[in-house]
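Visitor: Kindly return the folded structure for what I paste below:
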Amino acid sequence: MPPPVLSFENLGLVQGEGWLFRGIDVHIGPRDRLALIGRNGAGKTTLLKCLAGQIDTDEGIRKTVPGTRVVLLEQDPPMTGFATLEDWVLAGEGAPQAHEAAAIADQIGIDLGRDTATASGGERRRAAIVRALAQDPDVLLLDEPTNHLDLGAIDWLEEWLGRFKGAFVVISHDRTFLARLTKSCLWLDRGTMRRAEIGFGGFDAWTEKVYEEEQRAAEKLDAKLAIELHWLQRGVTARRRRNQGRLAKLNEMRAQRAAMIGPAGSAKLGLAKDDVKTKTVIDAEHVSKSFGDRPIIRDFTLRIQRGDRIGLVGANGTGKTTLLKLLTGELAPDSGKVVQAKSLEGIVIDQQRRLMEPTKRVRDVLADGGDWIEVRGVKKHIKGYLKEFLFAPELTEAPVASLSGGERSRLLLAREFARESNLLVLDEPTNDLDLETLDLLQEVIADYEGTVLIVSHDRDFLDKTVTVTLGLDGSGKVDIVAGGYEDWARRRREVRAPSKAAPVKPSAPAAAAPARKLSYKDQRDLDRLPGEVDRLETEIADIEQRLADPDLYARDRKSFDELTATADAKRAEKEAAEERWLEVVELSEALGR
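Guide: Here you go, the predicted structure:
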């Protein structure tokens, strides 16, 4: 194993009245692909800043190989004082060369001439990615890089990182992103660090094993400590197991919905029985909406029933928010009609995350300073309710300012989910949430008795949550597919693939004017990827044959776990290769080759 290019030994940092973490060792090799995982508030972002040398720690020694360029991509870098995104990208120590920044900006699809003050969250995020990648880093420290990105930009970033010759450490709530890219996991948990040489695909199995070992140790402790450990550790495990049942129920609901959908491409959701109409909460018929000469929604018909979970997907600017506003009555159509049930009472949790006053306590936000909260008609003590949202009970007195960004989002979810409603509208709900909170959010949505509308770019979240996906491509056409993101993506591949070979997925640069001929990289990928896919299929089949041995698990648990993780990683690699292959096939055909 090559020596590390960046390391921090015996790292310790005091925060508030105690140690945030202590005695942590982190070693990053020249080609490491590390997922940094931990609950909101565990200190993941702080740890990245320590690794970047931006924070003076109380203990420990940071070492880098001379000449190593370490670059941190922050979640929300300050851009105040800069007129344009380009001014910010090219400013300060370590700023990239203008031509390097321009090249990456063109690929990811961002106009750096945009005014900083009016730039959207997605545009600011793209600009931050441009600045980080154009610095030619040896080590990239990525803090929620996919936040505010649409699916095309996420695909582009995944491909760029897949070809990156340096090392990276990434914090992300995007399970698909982590599974496709990472090869090792750093788990920051209760002030300590664990490392496993497995990709994110094997993370859950690894943590289950750790929890089992700790539970056995907890049985030797006194009752109080055992109860606390049970809540802290086993609560997540039990939730994951319950989610298996919920996923089975979700698949059943999708099958029922699939039986109601008309012919492919008709963009119509019919009904199995006339009496189902009494369950309708939103009825849209032949709805169209344009802005100027541009059609946003064309001839869209959809009947949403009580209990439906509807996901809206598509690149930024394709009309997701417009369609959401049409469905909820916030925006009137140019033609057609949208009728909402008179009893409809919704709550909206939007992507702007209306920040709560920093001086308020958690108690003030949840219960106006009291001890009890009304949760959809049921009175609950706030300490018990906080546990349901993975907060320690003693946080009732904590000021909002002391919470991490993810904890504030979780507190907002706790407050909003307490309200009586029968329609829940979630606009990018997964931003700033840790993986365990995402599990919790999936559970709450599954148990919610009303209807849910979700706009999200989180592929795994949609796959585990929604019954129907509405896919927008920017032309005004809306595809309606029973199932989640992968079901929609599969439908698009079937429609667009030039052969049986499979996935076609547009990338962020697709909006740019087509080149007159394939680039060198595109031609190289077109030539090599068929063989690459065949090789991966052979390797996966070999691993699956070895895993089919019924005695392997009991005989050699370590080999079983390693083979499982390797198979997951190769499946993700094969999927990415197939998607890239068909992308360049489509591009080649478009250029008339």
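
Visitor: Helix or strand for residue 289, just tell me which one.
Guide: strand 280-291 (DSSP states H and E).

Visitor: Can you spell out which helices and strands pack onto that strand?
Guide: Packing partners of strand 280-291 (3 or more C-beta pairs under 8 Å, 6 or more residues apart in numbering; DSSP states H and E): strand 294-305, helix 320-328, strand 335-340. All C-beta spots, glycine's among them, are computed from the backbone N, C-alpha and C.

Visitor: Run me through the strand neighbours of the first one, direction for each.
Guide: In other words, strand 294-305. Strand 294-305 sits in its sheet next to strand 280-291 (antiparallel), going by DSSP bridges.

Visitor: Extract the CA atoms of the partner strand and return them as PDB.
Guide: C-alpha atoms of strand 280-291 as PDB (Å, rounded to 0.1, in the frame of the first residue of the first chain):
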ATOM      1  CA  THR A 280     -59.200  11.700  -5.800                       C
ATOM      2  CA  VAL A 281     -57.400  14.700  -4.200                       C
ATOM      3  CA  ILE A 282     -56.000  16.400  -7.300                       C
ATOM      4  CA  ASP A 283     -57.500  16.000 -10.800                       C
ATOM      5  CA  ALA A 284     -55.500  17.600 -13.700                       C
ATOM      6  CA  GLU A 285     -57.000  17.300 -17.200                       C
ATOM      7  CA  HIS A 286     -55.200  18.400 -20.400                       C
ATOM      8  CA  VAL A 287     -53.200  21.000 -18.600                       C
ATOM      9  CA  SER A 288     -50.800  23.200 -20.600                       C
ATOM     10  CA  LYS A 289     -48.500  26.100 -19.400                       C
ATOM     11  CA  SER A 290     -46.100  28.300 -21.300                       C
ATOM     12  CA  PHE A 291     -43.800  31.100 -20.400                       C
END
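
Visitor: circling back: how about the helices and strands packed on strand 280-291 in TSV, adding mean neighbour count and mean pLDDT?
Guide: Below are the helices and strands packed on strand 280-291 laid out as TSV (neighbours: other C-beta atoms under 10 Å; pLDDT from 0 to 100):
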stretch	mean neighbour count	mean pLDDT
strand 294-305	20	92
helix 320-328	21	92
strand 335-340	15	94
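
Visitor: closest one to residue 56 among those?
Guide: Smallest distance to residue 56 across the helices and strands packed on strand 280-291 (C-beta to C-beta): 42.5 Å, for helix 320-328.

Visitor: what about residue 90, how many neighbours?
Guide: Using other C-beta atoms under 10 Å, residue 90 is surrounded by 19 other residues.

Visitor: do the same with the one 3 residues further on
Guide: By other C-beta under 10 Å, the residues close to residue 93 number 4.

Visitor: Is it part of a helix or strand, or is it coil?
Guide: On the three-state scheme (DSSP: H, G, I helix; E, B strand; the rest coil), residue 93 is labelled coil.

Visitor: And the strands in the stretch 151-300 of the chain?
Guide: 167-171, 184-189, 192-196, 280-291, 294-305 (DSSP state E, counting those that start in this stretch).

Visitor: hey, which of those strands is tucked in deepest?
Guide: strand 167-171 (a mean of 24; mean count of other C-beta atoms under 10 Å).

Visitor: Please compute how far it lies from its chain's middle.
Guide: 15 Å (C-alpha atoms, centre = their mean, to the nearest Å).

Visitor: again with stretch 322-339
Guide: Here the centre of stretch 322-339 is set off from its chain's centre by 28 Å, with C-alpha atoms, centre = their mean.

Visitor: lowest-pLDDT helix or strand in this protein?
Guide: Ranked by mean pLDDT, DSSP states H and E, the weakest helix or strand in the chain is helix 223-229, scoring a mean of 49.

Visitor: what bridges to residue 455?
Guide: Applying DSSP bridges to residue 455 gives these bridge partners: residue 312, residue 427.

Visitor: Was I right to think it contacts residue 428?
Guide: Yes. Counting by C-beta atoms under 8 Å, residue 455 touches residue 428, with 6.2 Å between them.

Visitor: Count the neighbours of residue 141 for me.
Guide: Other residues near residue 141 number 28, with proximity taken as other C-beta under 10 Å.

Visitor: picking up where we left off before, right, so of the strands of the stretch 151-300 of the chain, which gets closest to residue 377?
Guide: Closest to residue 377 of the strands of the stretch 151-300 of the chain, according to C-beta to C-beta: strand 280-291, at 19.5 Å.

Visitor: Flag the shaky bits of the stretch 201-350 of the chain, pLDDT-wise.
Guide: 217-245, 261-278, 350 (pLDDT under 70).
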